[in-house]
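Engineer: pasting the structure only:
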């Protein structure tokens, strides 16, 4: 059995597993989600038994259902051994102040998340997106208050322009607010735009990186083929995944399959191993829907890639960043 590895989250002393268990699949809001609480609990339990101590969810995942499932699954576990992360920003109510990063919304939502998770605190509280309508100083002040009052241990961010992240870090330093210790960007072999955006900032500032969509919505598992039926699985209901079907990305997948054959691994394992080889990456967020997928993902820790293989995997893709490519709304 693969032995789990651990590292620290950026420049903090917080020790986390090299894989983070993504919990967006634990719910029923979308047809590609698991939609079965018992099966979701089995995956969480097995992940913890494999040594994963890091779980990432959000209040908007199935409108709180994911947090409830996670809370029920960890109820009898030793809370001190777990690193539980959740997020705030998305719409949780059809009324004024029902979304965003205002002080009111942030302070209201942490209470709901704590109740659903069945815990007194979250280890990592992340802003899910940048809020154009709220001054970042207001958000940072609210997050700093949550740390001071013990509801939150560390704070993090996700998916924004580098200048926004740098401004947030500068405001924290200027006002002596709690600093973002973690960034959650989209990052994988076919979505490398963040190499031209926040990843250099993270490396310079000692910020941990926990990439979401490390397998590009299933594209990098090799389950799709150029000439195959693309109307099955997540692509059938997820336009974002379907947009990955480009000549450049198929070339990346060809390289992934070739390397997988050479190292006796699966395409998914090679794709995850590539991420683990990136010095800036702390822990990719994997979102398995089955126990077999979970074990396959974790076994990527045993896959070693040569410099030449890494170069071959990267060669077809030229990282370019723009707000549109990164999915950031104007």
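Structural biologist: Cool, the structure landed. Computed from a predicted structure; not experimentally measured.
Engineer: Could you pull out the helices in the chain for me?
Structural biologist: 37-49, 65-73, 103-117, 136-148, 162-175, 198-205, 239-242, 247-263, 267-276, 291-298, 307-314 (DSSP state H).
Engineer: least reliable of these going by mean pLDDT?
Structural biologist: Ranked by mean pLDDT, the helices of the chain end with helix 239-242 at the bottom, a mean of 72.
Engineer: how about a markdown table for the helices of the chain, with distance to residue 17 and mean neighbour count added?
Structural biologist: Every C-beta, even on glycine, is put in place using the N, C-alpha and C of the backbone. A markdown table is the format used below for those (distance: least, C-beta to C-beta, whole Å; neighbours: other C-beta atoms under 10 Å):
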| stretch | distance to residue 17 | mean neighbour count |
| --- | --- | --- |
| helix 37-49 | 9 | 17 |
| helix 65-73 | 16 | 23 |
| helix 103-117 | 19 | 19 |
| helix 136-148 | 23 | 19 |
| helix 162-175 | 25 | 15 |
| helix 198-205 | 19 | 19 |
| helix 239-242 | 26 | 14 |
| helix 247-263 | 22 | 17 |
| helix 267-276 | 12 | 24 |
| helix 291-298 | 9 | 18 |
| helix 307-314 | 23 | 15 |
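Engineer: okay if I get those helices as a markdown table plus distance to residue 216?
Structural biologist: Output for the helices of the chain, formatted as a markdown table (distance: least, C-beta to C-beta, whole Å):
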| stretch | distance to residue 216 |
| --- | --- |
| helix 37-49 | 20 |
| helix 65-73 | 21 |
| helix 103-117 | 28 |
| helix 136-148 | 30 |
| helix 162-175 | 22 |
| helix 198-205 | 17 |
| helix 239-242 | 8 |
| helix 247-263 | 8 |
| helix 267-276 | 8 |
| helix 291-298 | 14 |
| helix 307-314 | 13 |
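Engineer: right, so of those, which gets closest to residue 31?
Structural biologist: helix 239-242 (12.8 Å; C-beta to C-beta).
Engineer: Number of residues surrounding the closest residue to residue 301 other than its chain neighbours?
Structural biologist: Among residues not flanking residue 301 along the chain, residue 2 sits closest, at 5.3 Å (C-beta to C-beta, 6 or more residues apart in numbering). Residue neighbour count, defined by other C-beta atoms under 10 Å, stands at 14 for residue 2.
Engineer: Could you measure from residue 2 over to residue 309?
Structural biologist: Separation of residue 2 from residue 309 (C-beta to C-beta, to the nearest Å) stands at 20 Å.
Engineer: Which residue of the chain lies farthest from its centroid?
Structural biologist: Here the centre of the chain is the reference, and by C-alpha atoms, centre = their mean the most remote residue is residue 227, at 30.3 Å.
Engineer: Would you mind measuring from that residue to residue 245?
Structural biologist: 11 Å.
Engineer: What of residue 155?
Structural biologist: 36 Å.
Engineer: just residue 305 next, same as before
Structural biologist: Separation of residue 305 from residue 245 (C-beta to C-beta): 25 Å.
Engineer: try residue 120
Structural biologist: On the measure of C-beta to C-beta, residue 120 and residue 245 end up 45 Å apart.
Engineer: Those two: who's more crowded?
Structural biologist: Taking other C-beta under 10 Å, residue 120 and residue 245 do not tie; residue 245 has more neighbours (14 against 9).
Engineer: Does the more buried one touch residue 224 like I think?
Structural biologist: Yes: here residue 245 reaches residue 224: they are 7.2 Å apart, a contact under C-beta atoms under 8 Å.
Engineer: Nearest spatial neighbour of residue 27, chain-adjacent residues omitted?
Structural biologist: Nearest one to residue 27, counting by C-beta to C-beta, 6+ apart, is residue 62 at 2.7 Å.
Engineer: List the residues that contact that neighbour.
Structural biologist: Residue 62 is in contact with 26, 27, 28, 29, 33, counting by C-beta atoms under 8 Å, 6 or more residues apart in numbering.
Engineer: can you pull the contacts of the spatially closest residue to residue 150 that is not a sequence neighbour?
Structural biologist: Using C-beta to C-beta, 6+ apart and skipping residues adjacent in sequence, the residue nearest residue 150 is residue 121, 6.0 Å away. Going by C-beta under 8 Å, 6+ apart, residue 121 touches 114, 150, 151, 152, 153.
Engineer: Ok, residue 91 next?
Structural biologist: Applying C-beta under 8 Å, 6+ apart, the residues near residue 91 are 60, 98, 99.
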